[in-house]
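> Below are the sequence and a predicted model; questions follow.
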Amino acid sequence: MSKIYYRPIAQTDAAWSRTALPLAGGWCWFDRLEVMERGRRGERIAVSEAPEEVIEALSSSRTEVAGVSMAKPRLMGILNVTPDSFSDGGKFAEKDAALIHATQMATDGADFLDIGGESTRPGANFVPSEEEMHRVGPVIRALSAGGLETPLSIDTRKSQVADVALKDGAAMLNDVSAGTYDENMFELAKNSRAPLCLMHAQGDPKTMQENPTYDDVVLDVYDFLAARIKAAMEVGVNASQLVIDPGLGFGKTQEHNLAIVKGLSLFHGLGCPILMGASRKRFIGTIGQEDAAELRGPGSMAVGLAAIAQGVQITRVHDLKETKQALRLWRAVTG
């Protein structure tokens with residue numbers, strides 16, 4: 001018998017139905033689910049027809065991430081201290097510029113700041129650990145020494161870089177390889193007890209966009225993340241530390257990205273907070289007819305709000321201030 005998946009059909013209307021349950025203990029609710037199997041068309045069922053353990057995983061509140069409650073939508077500001085990021089490469093590579101931008105994002109309402117020293121854009125070249133630490137270390141240390149209260153996340157797939165970043169003041173690990181690049185990342189998460197985001201990617205950044213293929217992209221990504229959660233817990237990482245990210249744009253075509261966005265609520269079944277990063281990605285430029293990455297803010301916000309409407313807890317963005325405004329209005333008209 002093939003594996004069965006349950007996707008909650010997320011709702012945000014203020015009038016909850018009598019049988020409605022909160023989605024991940026947050027702002028969305030659901031009273032129906034789509035039952036999914038590989039190779040078969042999904043069918044809808046009532047919550048009363050679903051297994052008890054499925055309902056528990058879908059409805060239970062999520063643990064705080066770096067002290068931040070997951071009961072409402074959160075924004076993670078992107079700070080790339082790299083010379084070759086796809087959207088702002090080089091703009092914040094210098095320490096002073098990075099500090100000004102980070103402080104501004106915190107002032108504008110960022111709930112997290114994600115700092116990366118290695119570009120993971122399609123076709124990006126490998127960066128040695130020493131160079132990556134040279135890029136991120138001074139920024140993390142300066143922000144921490146300056147008393148910034150916004151939790152800092154280190155965006156790296158290397159445990160050596162992550163370890164130093166935690167000692168410098170970072171509070172969260174964001175690994176685009178979900179521990180497949182460096183097996184010591186799980187050991188670091190276990191010992192430090194820092195939150196760890198596990199992201200799906202097909203292939204290495206250098207080659208990941210060379211004809212990515214899937215049997216069923218949504219279910220394949222779900223199974224990959226389930227396996228990585230299991231692997232992390234087998235090492236000793238606590239389930240409450242884990243965050244998951246389906247990895248839009250990482251070894252995925254436009255059609256793959258759209259399928260994942262449409263099916264995001266399925267990932268609540270993994271029992272972890274969900275992080276999504278669609279900001280300024282190529283598929284937004286293609287559909288929105290905007291070649292310049294820095295002008296893809298409106299499209300990025302549209303996708304971000306679509307994700308939040310499915311209960312995604314953390315949205316990773318470049319245009320922090322503008323997205324915060326959009327989120328405030330979305331909350332006002334849906335709350």
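Received the coordinates, thanks.

> quick one: which helix or strand includes Ala278?
Following DSSP states H and E, one finds Ala278 outside all helices and strands.

> how close does the spatially closest residue to it that is not a sequence neighbour sit to Val161?
With sequence-adjacent residues excluded and distances taken as Cβ to Cβ, 6 or more residues apart in numbering, Ala278 is closest to Val303, at 4.3 Å. No exception for glycine: its C-beta is placed from N, CA and C like everyone else's. Distance of Val303 to Val161, computed by Cβ to Cβ, to the nearest Å: 29 Å.

> that older thread, host element of the residue nearest to Ala278?
Counting by DSSP H and E, Val303 is part of helix 297-308.

> same question for that helix, mean pLDDT?
Averaging pLDDT along helix 297-308 gives 98.

> what comes up buried for the helix ranked longest in the chain?
As assigned by DSSP state H, the longest helix anywhere in the chain is helix 217-235. Residues 217-225, 228-229, 231-232 are the ones in helix 217-235 that count as buried (16 or more other Cβ atoms under 10 Å).

> I'd like those written out as TSV, with distance to Ala332 and pLDDT added.
Shown next, in TSV, are the buried residues of helix 217-235 (distance: Cβ to Cβ, whole Å; pLDDT from 0 to 100):
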residue	distance to Ala332	pLDDT
Val217	34	97
Val218	31	98
Leu219	35	98
Asp220	37	97
Val221	32	98
Tyr222	33	98
Asp223	38	98
Phe224	37	98
Leu225	33	98
Arg228	37	98
Ile229	35	98
Ala231	41	98
Ala232	38	98
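
> ok, residues contacting stretch 115-127?
Outside stretch 115-127, the residues that touch it by Cβ atoms under 8 Å, 6 or more residues apart in numbering are 78-82, 84-86, 89, 102, 131-136, 139-140, 152-157, 161, 165, 170, 174, 176, 201, 205-206, 208-209, 249-250, 282.

> mind listing what Gly169 touches?
Gly169 makes contact with Ile140, Arg141, Leu143, Ser144, Ala145, Leu152 under the criterion Cβ under 8 Å, 6+ apart.

> Next one: the fourth one relative to Cys197, how far apart?
Summarising the geometry, the distance separating Ser144 from Cys197, computed by Cβ to Cβ, is 20 Å.

> hang on, the earlier thing: of Val303 and Val161, which one has the most company?
Between Val303 and Val161, counted using other Cβ atoms under 10 Å, Val161 has the larger neighbour count: 28 against 23.
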